[in-house]
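*Asks:* Show me how the following folds:
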Amino acid sequence: MRNVINPGILLITSAFLLAIGFSTTAAAKTIYVNDDGPADFNNIQAVINDANDGDTIIVADGIYRGNGNRDIDFKGKVITLRSENGPDTCVIDCQGTPENPHRGFKFHNGETSAALLDGLTITGGYGAEEPVGPAFLPLVSSGGAIFNINSSPTIRNCIFLRNTASYYGAGVYNGGGNITLSNCSFIENTAVSVSRGGGMYSTSGTPTLTNCTFKNNSAGYLGGALFNAGSNPRLNNCAFIGNPRAIYNCTSNSTFTNCIFIGNSNAMTNWYYSHPTLINCIFTGNSGGSKGTIYNNQSAPIFINCTFSGNSGDQGSALLNQCGSNPVLTNCILWDSGNEICDHHDGSLSTVTYSDIYSGYPGAGNSNVDPLFIDADGADNVVGTEDDNLRLLPDSPCIDAGDPNYVCEPNETDLDGRPRIIGGRIDMGAYEFSMIAIEVPMKFTPQAINCNSKGKWVKAHFVLPEEFAVEDVDANTPAKIESLGIKSDHLNVFINEDGLVEIEAAFDRAAFCDAVKSCGPIEITVTGSLTSGQYFYGTDIIEIIKNSFECLAILSPHWLELNCGKPNWCNGFDADRDTTVNLKDFAIMALHWLEGNNKE
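*Replies:* Numbering: from 1, shown residues only. The predicted structure is shown next:
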């Protein structure tokens with residue numbers, strides 16, 4: 001159990017300071033809340049009531065239930081309330097029902113961005129009835145986990161799990177203000193009945209969402225993940241996975257940068273003069289039904305460097321445009337199937353340039369050729385799932401095929417965080433291709449390979465720098481011995497005893513020996529692939545041992561060859577590396593032949 005600050009001690013201390021003439025201006029303090037603590041200090045609301053601006057409240061691990069630990073009100077105070085060890089071990093269980101609605105937190109007194117909620121799981125909330133519109137409108141159930149109106153708090157590292165509202169925002173309701181959410185997860189929140197915004201509902205204001213995930217949220221009406229009504233949120237590095245009718249924008253100029261949409265039914269609807277901007281976004285495995293993956297009605301969204309793959313829809317597998325909708329697409333890849341863009345004959349017309357469209361589309365710089373993704377159907381061989389790799393292969397026609405006049409914003413990057421233009425001209429799609437290879441330590445085994453002895457494998461062993469994780473390695477793409485053109489049979493990727501990612505690439509020994517046209521020491525370079533589309537490589541010097549007759553036959557075409565040098569030193573026959581194959585090299589190799597024959 002944590003020690004807590006007793007409010008009685010604080011009062012005695014203040015009285016003593018007054019008696020001796022000290023200032024009573026309170027210094028910021030830290031207060032601990034523990035579900036096993038004494039009265040008042042196992043109650044979050046009681047601690048907030050006692051706190052002053054600038055104070056920090058730390059909530060110990062536990063499951064917090066009951067009055068005082070739900071329907072928590074920050075009271076307009078600029079305080080920090082955070083868990084001790086993160087959301088996995090600190091839970092606000094609201095136990096809300098339609099008959100007894102209880103939510104997690106309420107912000108409504110103009111809290112500034114200095115008010116911080118950090119690192120809690122909020123579950124079981126049921127939005128209470130609140131005035132969320134003009135006085136003549138009825139009260140409606142809103143904000144199962146968070147209810148925010150005209151305030152701008154910061155919420156980070158929180159999980160909103162299985163909360164409910166019967167009208168607006170089962171997870172978060174935002175009515176005005178500029179709420180900021182980062183590293184938050186919205187999971188299985190449900191807005192029931194004719195409701196809107198299963199994960200979040202936002203009306204007016206400019207919320208900011210960074211590194212947030214919306215997964216399997218739903219709404220009875222629209223906006224399973226996010227409903228924007230006159231609100232203009234800014235979303236960066238967010239993921240929307242498995243949400244029905246995921247995004248609904250109504251009169252909204254929202255911005256989505258580096259966002260991913262996977263397996264949603266109707267990923268986005270733009271309605272009534274909504275003009276969102278989407279940059280470096282991925283849409284894969286979304287089902288549009290009769291409305292398309294993205295449905296536009298009286299709207300003109302802008303798509304820049306976006307990639308669509310494996311989506312479906314009866315009218316436009318990517319976009320359906322109606323009622324005078326005029327989307328603009330630049331540097332995009334739309335590679336689903338069938339008709340990618342459906343423009344109804346009601347004044348709707350898309351403007352598409354420098355984009356690769358499966359079904360083709362008129363416009364400057366457009367094409368309809370296979371973009372050559374690294375792995376469009378992933379390890380499970382199913383198009384449109386989370387393991388798809390929609391980065392470009394080295395021979396993709398989409399490389400350096402974007403708008404030649406495109407000007408990057410300062411520090412603009414692609415979906416992987418790399419410079420948006422590499423090679424002088426922007427690529428199509430969400431990822432910029434880079435041939436920049438990363439050199440890493442490699443050991444090739446065995447170090448001396450006797451091609452006349454038996455054995456199944458020769459292996460390359462790599463160790464990646466500490467910033468890499470196992471999932472950064474593309475284990476589905478074989479490693480390759482560059483000079484021989486031999487691909488690995490299999491890769492083994494694991495964390496070694498030093499906590500670093502180690503890769504073992506196994507090559508067929510017989511194929512290796514057949515391809516090696518050298519005797520003596522040679523330099524081997526092996527390359528592998530990262531999921532980012534980059535390559536890593538390593539080099540090692542090994543000894544090739546063959547019998548004398550084989551080596552003489554191999555040597556003869558190189559006799560007195562000049563200008564030998566790195567990396568292969570005339571296939572290894574310039575043994576002393578003086579750039580010429582001559583008698584000195586013959587003598588060195590003769591010793592190796594004898595050593596090899598003795599071993600045999």
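*Asks:* so residue 248 makes contact with residue 231?
*Replies:* No - counting by CB atoms under 8 Å, residue 248 does not reach residue 231; the two are 11.1 Å apart. Just so you know, the C-beta spots here come from the backbone N, C-alpha and C atoms, and that holds for glycine as well.
*Asks:* how near is the nearest residue to residue 29 once chain neighbours are set aside to residue 80?
*Replies:* The shortest distance from residue 29 to any non-neighbouring residue, by CB to CB, 6 or more residues apart in numbering, is to residue 55 (5.4 Å). Distance of residue 55 to residue 80, computed by CB to CB, to the nearest Å: 8 Å.
*Asks:* cool, residue 529 as well?
*Replies:* From residue 529 to residue 80 the distance is 43 Å (CB to CB).
*Asks:* So for those two, which residue has more residues nearby?
*Replies:* residue 529 (23 against 18; other CB atoms under 10 Å).
*Asks:* coming back round to it: and the pLDDT at the residue nearest to residue 29?
*Replies:* Looking at residue 55, its pLDDT reads 95.
*Asks:* and it, how far is that from residue 109?
*Replies:* With distances taken as CB to CB, residue 55 is found 16 Å from residue 109.
*Asks:* what about these two, which has more around it?
*Replies:* residue 55 (20 against 14).
*Asks:* quick one, what contacts the more buried one?
*Replies:* 28, 29, 30, 31, 77, 79, 80 (CB atoms under 8 Å, 6 or more residues apart in numbering).
*Asks:* Pipe the residues you listed into JSON lines and attach pLDDT, secondary structure and distance to residue 435 per row.
*Replies:* As requested, those are exported to JSON lines (pLDDT from 0 to 100; DSSP: H, G, I helix; E, B strand; the rest coil; distance: CB to CB, whole Å):
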{"residue": "28", "pLDDT": "87", "secondary structure": "coil", "distance to residue 435": "52"}
{"residue": "29", "pLDDT": "91", "secondary structure": "coil", "distance to residue 435": "56"}
{"residue": "30", "pLDDT": "92", "secondary structure": "strand", "distance to residue 435": "51"}
{"residue": "31", "pLDDT": "92", "secondary structure": "strand", "distance to residue 435": "55"}
{"residue": "77", "pLDDT": "93", "secondary structure": "coil", "distance to residue 435": "54"}
{"residue": "79", "pLDDT": "96", "secondary structure": "coil", "distance to residue 435": "51"}
{"residue": "80", "pLDDT": "96", "secondary structure": "strand", "distance to residue 435": "46"}
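*Asks:* Would you mind listing the two of the residues you listed that lie farthest apart?
*Replies:* Farthest pair in those (CB to CB) is 30 and 77. Separation: 14.7 Å.
*Asks:* Neighbour count for the two, which is higher?
*Replies:* residue 77 (18 against 10).
*Asks:* Surely that one touches residue 53?
*Replies:* Yes - using CB under 8 Å as the test, residue 77 is close enough to residue 53 to be in contact (5.8 Å).
*Asks:* So this protein: which segments form each domain?
*Replies:* 26-217, 253-432, 437-599 (automatic domain parsing).
*Asks:* Distance to residue 238 added to the ones you listed, as CSV?
*Replies:* Below are the domains of the chain laid out as CSV (distance: least, CB to CB, whole Å):
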stretch, distance to residue 238
domain 26-217, 5
domain 253-432, 5
domain 437-599, 19
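*Asks:* Which residue comes closest to residue 365 once chain neighbours are left out?
*Replies:* Among residues not flanking residue 365 along the chain, residue 354 sits closest, at 3.6 Å (CB to CB, 6+ apart).
*Asks:* same deal with residue 478?
*Replies:* In space, and not counting its chain neighbours, residue 478 is closest to residue 487: 3.9 Å by CB to CB, 6+ apart.
*Asks:* backbone phi and psi for that neighbour, please?
*Replies:* Taking degrees, to the nearest 10, you get phi -100, psi 150 for the backbone angles of residue 487.
*Asks:* re earlier: which of the domains of the chain has the lowest mean pLDDT?
*Replies:* domain 437-599 (a mean of 79).
*Asks:* returning to that earlier point: and for the residue nearest to residue 478, the neighbour number?
*Replies:* Neighbour count for residue 487, taken as other CB under 10 Å: 14.
*Asks:* partner residues bridging it?
*Replies:* On the basis of DSSP bridges, residue 487 is bridged to residue 480.
*Asks:* In contact with the most centrally placed residue in the chain, which residues?
*Replies:* Closest residue to the average C-alpha location of the chain: residue 237 at 6.2 Å, with CA atoms, centre = their mean. When contacts are counted by CB under 8 Å, 6+ apart, residue 237 touches 210, 211, 257, 258, 259.
*Asks:* can you check residue 492 too?
*Replies:* 503, 504, 506.
*Asks:* ok, the strand or helix carrying it: who's next to it in the sheet?
*Replies:* In the assignment (DSSP states H and E), residue 492 maps to strand 490-495. Sheet pairing of strand 490-495 (DSSP bridges) gives strand 501-508 (antiparallel).
*Asks:* Where does residue 45 sit: helix, strand or coil?
*Replies:* helix (DSSP: H, G, I helix; E, B strand; the rest coil).
*Asks:* Was I right to think it contacts residue 68?
*Replies:* Yes - with contact defined as CB under 8 Å, residue 45 reaches residue 68; the gap is 4.3 Å.
*Asks:* burial count for residue 114?
*Replies:* 14.
*Asks:* In terms of helix, strand or coil, where does it fall?
*Replies:* Going by three-state DSSP: residue 114 is coil.
*Asks:* residues contacting it?
*Replies:* With contact set as CB under 8 Å, 6+ apart, residue 114 has these partners: 78, 154.
*Asks:* Torsion angles phi and psi at it?
*Replies:* Dihedral angles (degrees, to the nearest 10) for residue 114: phi -80, psi -10.
*Asks:* show me where the stretch 1-150 of the chain has strands.
*Replies:* Per DSSP state E, counting those that start in this stretch, the stretch 1-150 of the chain carries strands over the ranges 30-33, 56-59, 62-64, 72-73, 80-83, 90-93, 105-107, 116-118, 121-123, 129-130, 140-141, 146-149.
*Asks:* ok, and which of these has the densest surroundings?
*Replies:* strand 146-149 (a mean of 26; mean count of other CB atoms under 10 Å).
*Asks:* which residues sit against it?
*Replies:* So strand 146-149 is in contact with 103-108, 122, 127-128, 130, 132, 155, 160, 169, 171-177, 179, going by CB under 8 Å, 6+ apart.
*Asks:* Does residue 32 touch residue 41 like I think?
*Replies:* Yes - counting by CB under 8 Å, residue 32 touches residue 41, with 7.2 Å between them.
*Asks:* which residues does the residue lying closest to residue 28 once chain neighbours are set aside contact?
*Replies:* Of all residues not flanking residue 28 in the chain, residue 54 sits nearest, at 3.8 Å (CB to CB, 6+ apart). When contacts are counted by CB under 8 Å, 6+ apart, residue 54 touches 28, 78, 79.
*Asks:* Which stretches in the stretch 301-450 of the chain count as strands?
*Replies:* Using DSSP E, counting those that start in this stretch, the strands of the stretch 301-450 of the chain run over residues 302-304, 307-309, 319-322, 328-330, 333-335, 341-343, 351-353, 356-357, 373-375, 389-392, 437-439, 442-445, 448-450.
*Asks:* Can you say which of those strands is nearest to residue 411?
*Replies:* For residue 411, the closest of those is strand 302-304, at 15.8 Å, according to CB to CB.
*Asks:* Which neighbours in the sheet does the closest one have, and how are they oriented?
*Replies:* Note on strand 302-304: by DSSP bridges, its sheet partners are strand 277-279 (parallel), strand 328-330 (parallel).
*Asks:* could I get these as JSON lines with distance to residue 397 and mean neighbour count?
*Replies:* JSON lines is the format used below for the strands paired with strand 302-304 (distance: least, CB to CB, whole Å; neighbours: other CB atoms under 10 Å):
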{"stretch": "strand 277-279", "distance to residue 397": "22", "mean neighbour count": "21"}
{"stretch": "strand 328-330", "distance to residue 397": "17", "mean neighbour count": "22"}
